[in-house]
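# Predicted structure and sequence below. I'll ask about it afterward.
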Amino acid sequence: MLDPELLTWLTGKLNFESLEDLLKAAKEKFPDTDIVPTLLLAGRTGAGKSSLINALACRTIMPVGVLPTTQKPTAFELEGKGVPLRVLDLPGVGEAGKHGERLQSVLDQADQAHLLLLAIPCPERSLDYETQLLAAVAKHFASRTPLPILTAGTKIDLAAPVRDWQPATLNLAAPSTEKEKHIAEWLSYVGRVLPEAGAITACASGQSCDDFANQYGLDALRKRIFDALPDAARTYFARATHDLALLNQRAENIVRLFSSLSSAAAAQPIPAIPDSALIMPIQVAMLIRLTSLHGKSLNADLAGKLLGPLMARVAGRYAFEQVTKWIPGIGSVVGAAVAAAMTYALGMGYHSLLCQGSWNFDAQALREEVLKWWEKIQKDL
């Protein structure tokens with residue numbers, strides 16, 4: 001059931017004098033709710049925190065050094081490259097003589113974060129510092145919603161035998177080699193000593209952010225971070241990590257949301273008003289959100305270039321009949337199920353083209369991609 005206030009708004013927004021008016025109305029009614037994800041990065045000195053973040057982001061954003069690099073809580077932001085992500089890097093909590101001071105720095109920063117990412121280096125077995133850290137965080141959030149905690153078992157490539165490192169064939173689910181057994185045993189040990197740390201993701205960051213051949217477990221860790229973040233923080237994290245699987249997941253979440261709104265709108269029969277006109281601002285809002293997912297803003301110039309005749313007729317109540325004409329057998333009056341499927345095909349087709357990395361496609365290319373998704377939906381049904 002569509003919210004009555006939204007239905008009133010939709011029926012009052014059927015006439016637009018320009019493409020700018022349409023985009024402005026959609027942005028005002030469906031504002032961008034995305035927020036910058038903030039990760040609180042903690043761990044002992046030498047845990048490989050900076051290397052881990054660089055590998056997760058697939059770019060060098062934090063300095064890496066032999067000596068303790070981070071001496072005070074430092075916020076690293078990727079805004080300069082148009083990819084919002086904030087990492088609160090904390091000084092190594094295990095540095096001699098400074099543990100109490102630096103443990104407090106964790107708590108001072110914790111309230112700003114969406115989750116705590118704890119790095120524990122393999123094959124470290126003295127886990128007193130991590131025990132104190134987790135206990136302090138638990139106490140800090142005792143009367144509030146707990147801060148999600150994710151644990152990365154870093155530097156698993158340093159497990160004995162050190163020179164035997166073949167990440168492409170590493171099998172920790174059924175360890176058989178000496179190295180696999182050492183890693184699996186260490187992960188089990190950490191899990192027993194630190195049950196509050198939860199499941200531990202085994203990772204190796206490689207020698208640099210692009211040393212993909214020697215990296216391990218990063219896709220799994222990105223997925224865990226993505227799932228632990230608030231929904232509003234997932235768009236920017238997917239963009240920041242360039243992870244196609246996360247981009248696809250986020251896009252589908254966005255498309256399903258607006259498909260359900262389109263379905264609800266089409267289920268509200270209003271005399272003399274075609275269903276396609278009611279779902280116009282909803283679908284435009286979806287395209288705005290998907291464009292943002294790929295790092296751009298859908299302004300009038302870009303909309304006209306990418307969507308062409310689809311958005312050429314923006315004046316009058318029958319403006320968005322163009323989208324229904326793309327799909328054979330659909331007229332201006334569509335049911336709830338058809339509205340949802342049509343919106344889904346439009347959104348996923350648009351996202352698929354953006355995933356190819358080019359902004360040069362036109363309305364015909366989009367129409368062909370939408371039809372592919374439409375046919376896929378029909379087969380699935």
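All right, it came through fine. Numbering: from 1, shown residues only.
# so what are the domain limits for this structure?
Domains of the chain are assigned by automatic domain parsing as 4-33+243-380, 38-229.
# what ranges of the stretch 101-250 of the chain fall below the confidence cut-off?
By pLDDT under 70, the low-scoring segments of the stretch 101-250 of the chain are 101-103, 105-106.
# wait, which of the domains of the chain is closest to residue 236?
Closest approach to residue 236 among these (Cβ to Cβ): domain 38-229, 4.5 Å. Just so you know, the C-beta spots here come from the backbone N, C-alpha and C atoms, and that holds for glycine as well.
# Can you get me the start-to-end distance on that closest one?
The first residue of domain 38-229 is 9 Å away from its last residue (Cα to Cα, to the nearest Å).
# picking up where we left off before, export the domains of the chain as TSV, with columns for mean neighbour count.
Shown next, in TSV, are these (neighbours: other Cβ atoms under 10 Å):
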stretch	mean neighbour count
domain 4-33+243-380	18
domain 38-229	17
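# Please convert these to CSV, extending it with distance to residue 236.
Converted to CSV, those look like this (distance: least, Cβ to Cβ, whole Å):
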stretch, distance to residue 236
domain 4-33+243-380, 9
domain 38-229, 4
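# just so I know, which of those domains lies nearest residue 235?
domain 4-33+243-380 (5.4 Å).
# how long is the closest one from one end to the other?
32 Å.
# closest to residue 237 out of the domains of the chain?
Per Cβ to Cβ, nearest to residue 237 of the domains of the chain: domain 38-229, 5.8 Å.
# Can you tell me how far residue 236 is from residue 264?
Going from residue 236 to residue 264 by Cβ to Cβ, to the nearest Å gives 28 Å.
# again with residue 136
Distance, residue 136 to residue 264, using Cβ to Cβ: 47 Å.
# next one: residue 373
Residue 373 is 21 Å from residue 264, by Cβ to Cβ.
# chain center to stretch 353-373: distance?
Relative to the centre of its chain, stretch 353-373 is centred 22 Å away, using Cα atoms, centre = their mean, to the nearest Å.
# got it, and stretch 112-121?
17 Å.
# where does the stretch 251-381 of the chain dip in pLDDT?
268-278, 308-334, 381.
# Please enumerate the strands of it.
For the stretch 251-381 of the chain, applying DSSP state E, counting those that start in this stretch gives no strands.
# for residue 242, what are its contacts?
57, 58 (Cβ atoms under 8 Å, 6 or more residues apart in numbering).
# quick one: it from residue 30, how far?
Taking Cβ to Cβ as the measure, residue 242 falls 26 Å from residue 30.
# So which elements touch the helix of greatest length in the chain?
Assignment by DSSP state H gives helix 244-266 as the longest helix of the chain. Under the contact criterion of 3 or more Cβ pairs under 8 Å, 6 or more residues apart in numbering; DSSP states H and E, helix 244-266 touches helix 4-11, helix 218-228, helix 234-241, helix 275-278, helix 280-293, helix 336-355.
# could you redo these as CSV and give each row distance to residue 158?
Formatted as CSV, these follow (distance: least, Cβ to Cβ, whole Å):
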stretch, distance to residue 158
helix 4-11, 56
helix 218-228, 17
helix 234-241, 24
helix 275-278, 60
helix 280-293, 37
helix 336-355, 36
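# Ok, which of those comes nearest residue 129?
Residue 129 sits nearest to helix 218-228 of all the helices and strands packed on helix 244-266, at 21.2 Å, using Cβ to Cβ.
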